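Engineer: mind folding the following:
(4 chains)
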Number of protein chains: 2
Amino acid sequence: MRRTSFKDVNCSIAQCLEAVGDWWSMLIVRDALFGVTRFDDFQRRLGISRNVLNQRLQHLVDHGVLERVPYSEHPPRHEYRPTAKGRDLWRVADAMRQWGDRWTAPAGPPVELLHTTCGHRTELVPHCGHCGAPVEPTEVTPVPGPGATDPDFIPTHPQIASEEPHMSA
Amino acid sequence: MRRTSFKDVNCSIAQCLEAVGDWWSMLIVRDALFGVTRFDDFQRRLGISRNVLNQRLQHLVDHGVLERVPYSEHPPRHEYRPTAKGRDLWRVADAMRQWGDRWTAPAGPPVELLHTTCGHRTELVPHCGHCGAPVEPTEVTPVPGPGATDPDFIPTHPQIASEEPHMSA
DNA sequence: TGGAGCGAGTTCTATGAAGCAACTGACTAG
DNA sequence: CTAGTCAGTTGCTTCATAGAACTCGCTCCA
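Structural biologist: Residues are numbered from 1 along each chain as shown, chains lettered A, B, ... in the order given. Presented below is the predicted three-dimensional model:
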């Protein structure tokens, strides 16, 4: 369907979507972070068709999110493991999980998070990296960064900031 | 292309993707959170074709992420505003922004976050909602929650936990 | 009264990605 | 020597997407 690429869009969200922005990629990454590594395991768990899975895995490898690691010589076999870049997607996955839990899980969350350090089930709460306080969406405002090129990425209706929560990119 | 629906998948990530998981929806939400409300503004900023934009806006309205608010009677006109559910996607958007900044922004982040409460540019850091400590991906483990139905959503190779960072849903 | 313009869609066509199923190829296990 | 595993590949059909042109209801201006 001649998908438009976000490669040249100067927006970090668009760049993230360029890597994992289609229907399946994020679920593949989710499973990869769970520890799934093999083609057939992905295929069975996701119910994705094999050609599309192959294509998505290639795409994720091309973008450095997964890497192909050979685990057998003689029937030449490899598995897919998350790279550091791929592992770093856990926050995106977790934010999605929290949102889904809050808004679309009437029977309660299917999966919860155990903080092994303190031993309790928990939710992650964003804190300010500078002052350390927990951050509400109304307390942050996007401002142009060093890589800014497109003035349009700054809010077109900044006055809304007072009445509507903002976001972050 | 006969997209498979994730509606019946008992996974909060899949539910999130069901709402905003295609190429355009997350960018529409991003712009909506920036304060964009009008059809033509979305269209111009995103360069999306009008029929697809219309379809996506409908989809987001159907899923309760945006709402149509009339702002003119006589030429019947409405604008699209994020609902509470939509505003809550800011964490997902922010996680994507951080990931994109870290891995795909060689010229520096195009947009940064100003924490208005403390007055500094900052990044959001996830903290444990229970003990309050900052959380690294290696410190959390997914466990079945009250809404769990599918045993497959639990890691298939739990032993990986020791050597590989885990994730959260 | 007549024309230009705006905002929000709707309709059209072609192109090509998604989905499905069947097939290949290199091996292993019984 | 047959069945099974694993990781793809090929072929076919169908339908979503991009892109542009068009509609509709109105306002503004002369």
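
Engineer: contacts (any at all) between chain B and the longest helix along chain A?
Structural biologist: The longest helix of chain A (DSSP state H) is helix A:90-104. Yes - using C-beta under 8 Å from any C-beta of the partner chain, helix A:90-104 comes into contact with chain B via A:90-104. (C-beta placed from N, C-alpha, C; glycine too.)

Engineer: give me the residues contacting that helix.
Structural biologist: Helix A:90-104 is contacted from outside by A:16, A:20, A:26, A:29-30, A:33, A:109, A:111, A:113, A:123-124, B:11-19, B:64, B:85, B:88-89, B:91-92, B:94-96, B:98-99, B:126, B:137, B:145, B:165-169, using C-beta atoms under 8 Å, 6 or more residues apart in numbering or on different chains.

Engineer: tilt between the helix or strand hosting A:Arg81 and helix A:90-104?
Structural biologist: Under the criterion of DSSP states H and E, A:Arg81 resides in strand A:77-82. Counting by axes from the mean of the first three to the mean of the last three C-alpha atoms, to 10 degrees, strand A:77-82 lies at 70 degrees to helix A:90-104.

Engineer: could you tell me which residues within strand A:77-82 count as buried?
Structural biologist: Residues A:79-82 are the ones in strand A:77-82 that count as buried (16 or more other C-beta atoms under 10 Å in any protein chain shown).

Engineer: on the three-state scheme, the spatially most distant residue from the centre of chain A is what?
Structural biologist: Of all residues in chain A, A:His74 has its C-alpha farthest from the mean position, at 35.0 Å, by C-alpha atoms, centre = their mean. Of the three states, A:His74 takes coil under DSSP: H, G, I helix; E, B strand; the rest coil.

Engineer: and it, how close does it get to DNA strand C?
Structural biologist: Per C-beta to the nearest atom of the strand, to the nearest Å, A:His74 is found 4 Å from DNA strand C.

Engineer: with A:Gly119 instead?
Structural biologist: Distance of A:Gly119 to DNA strand C, given as C-beta to the nearest atom of the strand: 40 Å.

Engineer: and that residue, how many neighbours?
Structural biologist: Counted with other C-beta atoms under 10 Å in any protein chain shown, the neighbours of A:Gly119 add up to 10.

Engineer: go on, A:Glu136?
Structural biologist: Residues near A:Glu136, counting by other C-beta under 10 Å: 11.

Engineer: surely A:Arg44 forms part of a helix?
Structural biologist: Yes - inclusion of A:Arg44 in a helix is indicated when three-state DSSP is applied.

Engineer: got a pLDDT number for A:Ser72?
Structural biologist: On pLDDT, A:Ser72 comes in at 88.

Engineer: does any bit of the strand holding A:Arg81 sit next to DNA strand D?
Structural biologist: Yes - contact of strand A:77-82 with DNA strand D (C-beta under 7 Å from any atom of the strand) involves A:77-79.

Engineer: swap in stretch A:19-30?
Structural biologist: No - on the criterion C-beta under 7 Å from any atom of the strand, stretch A:19-30 is out of touch with DNA strand D, staying 9.1 Å away.

Engineer: what does that stretch rub up against?
Structural biologist: Under C-beta under 8 Å, 6+ apart, the answer for stretch A:19-30 is A:6, A:42, A:46, A:48, A:52-53, A:56-57, A:59-60, A:63, A:65-66, A:82, A:86, A:89, A:92-93, A:96, B:3-4, B:6, B:11, B:13-14, B:17, B:21-23, B:26, B:104, B:167, B:169.
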